[in-house]
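A.B. asks: 3D, please:
(one chain, ligands or ions: 1)
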Amino acid sequence: MADALSQAAALLREARHATVFTGAGISVESGIPPFRGPGGLWSRVDPAFIAIDHFLAQPEESWRRIREIFYDSFGQARPNAAHSGIAALEAAGRVKAVITQNIDNLHQEAGSREVIEFHGNSRWLLCLECGKREAALPERLAQLPPRCGCGGLLKPDFIFFGEGIPEQALNRSYREASSADLFLVVGSSGEVQPACQIPLLAKNRGAKLIEINLHESNFTPIADVFLQGPATKVITELVKELGLQ
Ligand code: NAD
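C.D. replies: Below is the predicted model of the structure:
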């Protein structure tokens, strides 16, 4: 691990353009469970409530679950040392952007500035009638389903099953994949499409890949350096190794 850590630090020092790519694993130590796998959300809750057709047909019923899980429960989560370590790497000029599959806003709260929200962000609501976005404030969520000032139905501004990736996020991610010479992948299984294609694309174009994960993933076979362990511990060590803490 010590060797792998110094190799990873050297790659980050040498990189001209490093991009971070994160999945649910980075927020596990903030108290947000992953969706799939043992202990994952889908092992105890049927994901149908965030399928777009179901939501449109039964918004009040869907919203009851959405509010309980994504706002009352996950809404309490705070950024951890992995989120703040990544923000420190960006502030020091070692990282250009973070592409996150997460919808929890924790990178932004930790101070990351260039955040590409591949799957959207639960802290915002989108009116399906007039297209206005507004903050997901408790007063708006007091009545279900929440409605916009125009009377339209409000939906959390993250993508539901059956919806496409926001075009701007997709385009920005492709740009990162073509300009980066280093990808740092943290806490992602590499099983979620099309997000998992982004690091693969970067790798195919010649970027080096560092992976941080508790377990081996689909990215491990193509990683130049695999740092196995909890994201908070590994990123804290990496930031120290780079002399940034
Ligand atoms: P995923 O692809 O995001 O995989 C989670 C990965 O995290 C696994 O490979 C696991 O080994 C790893 N991991 C778990 N704990 C870790 C830790 N402490 N340190 C490092 N790695 C750790 O899988 P998913 O949960 O099925 O997610 C599906 C999609 O839903 C993804 O796009 C994901 O980002 C999103 N999601 C978002 C949130 C969130 O916003 N916090 C939560 C769950 C899922």
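A.B. asks: would you say V20 is within a strand?
C.D. replies: Yes: assessed with DSSP: H, G, I helix; E, B strand; the rest coil, V20 lies in a strand.
A.B. asks: got the contact list for it?
C.D. replies: 86, 89, 95, 97-99, 183-186 (C-beta atoms under 8 Å, 6 or more residues apart in numbering). Every C-beta, even on glycine, is put in place using the N, C-alpha and C of the backbone.
A.B. asks: next step: the residues you listed restricted to strands.
C.D. replies: Applying DSSP state E to the contacts of V20, the entries found in strands are 97-99, 183-186.
A.B. asks: possible to save the contacts of V20 as a markdown table with distance to the ligand and neighbour count?
C.D. replies: A markdown table is the format used below for these (distance: C-beta to the nearest ligand atom, whole Å; neighbours: other C-beta atoms under 10 Å):
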| residue | distance to the ligand | neighbour count |
| --- | --- | --- |
| I86 | 13 | 29 |
| L89 | 16 | 23 |
| V95 | 17 | 23 |
| A97 | 16 | 22 |
| V98 | 12 | 28 |
| I99 | 11 | 26 |
| F183 | 15 | 28 |
| L184 | 12 | 29 |
| V185 | 10 | 29 |
| V186 | 7 | 24 |
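A.B. asks: could you chop this structure up by domain?
C.D. replies: Following automatic domain parsing, the chain resolves into domains at 1-32+78-119+164-245, 33-76+135-158.
A.B. asks: among these, which comes closest to L126?
C.D. replies: domain 33-76+135-158 (4.4 Å; C-beta to C-beta).
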